[in-house]
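Trainee: Dropping a prediction and its sequence here:
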Amino acid sequence: MKAIVITQPGSPEVLQLQEVEDPQIKDDEVLIKVEATALNRADTLQRKGSYPPPKGASPYPGLECSGTILSVGKNVSRWKVGDQVCALLGGGGYAEKVAVPAGQVLPVPSGVSLKDAAAFPEVACTVWSTVFMTSHLSPGESFLVHGGSSGIGTFAIQMGKCQGVRVFVTAGLATRFILCQPFNIRVFIGFGY
């Protein structure tokens, strides 16, 4: 298969498309044929040499992807070959195939393209794990979203509204509030202007 390889720390020119070995899945993993991936800050930091891949992760950049399941490990029951999914990765999204623990795989929501779904896992897991699992935010409570027009911010707004919380939003520029208006936010807090 082909993968983007970081040949040495540096600028984008150090990224090279190379032929590499196919990943082998473990019993609790799935193999995804990558259709799309997303660019995260950590990918840029990894390219620059200041963010090493987690132990045991693929050496190739790419922390999220979407695609089609090619094979499943013997302990995987939720997923089957042919399922269209997106996944949160320790690395490897910039390759044609990636092995992923089955618990880090999400279904692609209906009506969402594989291209768009590739940018979903990082923000979804960040918001859900920090706001709802760790903080236990409950319906009726207030939720302040700093940087509401960012990727995580817009997802947090939508998740908060779906969970029945009162959402307040901050932004550093008045023009950023325009990006939040489709979410029917009632309270905007501006700073820096």
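Mentor: Thanks, I have it. Numbering: from 1, shown residues only.

Trainee: Low-confidence stretches in the chain?
Mentor: The model of the chain has pLDDT under 70 over residues 192-193.

Trainee: and the longest helix that it contains, how far out from the chain's middle?
Mentor: Using DSSP state H, we find that the single longest helix of the chain is helix 151-162. Helix 151-162 has its C-alpha centroid displaced from the chain centroid by 14 Å (CA atoms, centre = their mean, to the nearest Å).

Trainee: just stretch 31-40 next, same as before
Mentor: For stretch 31-40 - counting by CA atoms, centre = their mean - the centre lies 10 Å from the chain centre.

Trainee: Which positions within that stretch qualify as buried?
Mentor: Neighbour-count burial for stretch 31-40 flags 31-32, 34-38, 40 (criterion: 16 or more other CB atoms under 10 Å). C-beta: built from backbone N, CA, C; applies to glycine.

Trainee: Show me the domain layout of the protein.
Mentor: As assigned by automatic domain parsing, the chain contains the domains 2-119, 137-190.

Trainee: Any idea which of these gets closest to residue 128?
Mentor: Relative to residue 128, the nearest member of the domains of the chain by CB to CB is domain 137-190, separated by 6.9 Å.

Trainee: follow-up on the earlier one: CSV please, covering the buried residues of stretch 31-40 and showing distance to residue 9 and secondary structure.
Mentor: Shown next, in CSV, are the buried residues of stretch 31-40 (distance: CB to CB, whole Å; DSSP: H, G, I helix; E, B strand; the rest coil):
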residue, distance to residue 9, secondary structure
31, 29, strand
32, 27, strand
34, 24, strand
35, 29, strand
36, 26, strand
37, 21, strand
38, 21, coil
40, 17, coil
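
Trainee: Stretch 164-175 spans what distance, first to last residue?
Mentor: 26 Å (CA to CA, to the nearest Å).

Trainee: Tell me if I'm right that residue 144 and residue 170 touch.
Mentor: Yes - Residue 144 is within contact range of residue 170, at 7.1 Å (criterion: CB atoms under 8 Å).

Trainee: Just want to know which of these two has more residues nearby.
Mentor: A side-by-side neighbour count of residue 144 and residue 170, using other CB atoms under 10 Å, places residue 170 first with 20 against 14.

Trainee: Would you check that that one makes contact with residue 149?
Mentor: No - with contact defined as CB under 8 Å, residue 170 does not reach residue 149; the gap is 9.8 Å.

Trainee: Dump the domains of the chain to TSV, plus distance to residue 125.
Mentor: Shown next, in TSV, are these (distance: least, CB to CB, whole Å):
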stretch	distance to residue 125
domain 2-119	5
domain 137-190	10
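
Trainee: Residue 127: which of those is closest?
Mentor: Of these, the one closest to residue 127 (CB to CB) turns out to be domain 137-190, at 4.8 Å.

Trainee: now that closest one, how far from the chain's geometric center?
Mentor: So, by CA atoms, centre = their mean, the centroid of domain 137-190 is 19 Å from its chain's centroid.

Trainee: What are the buried residues along the helix or strand residue 121 falls within?
Mentor: Using DSSP states H and E, residue 121 maps to helix 120-127. Buried residues in helix 120-127, defined by neighbour count with 16+ other CB under 10 Å: 120-124, 127.
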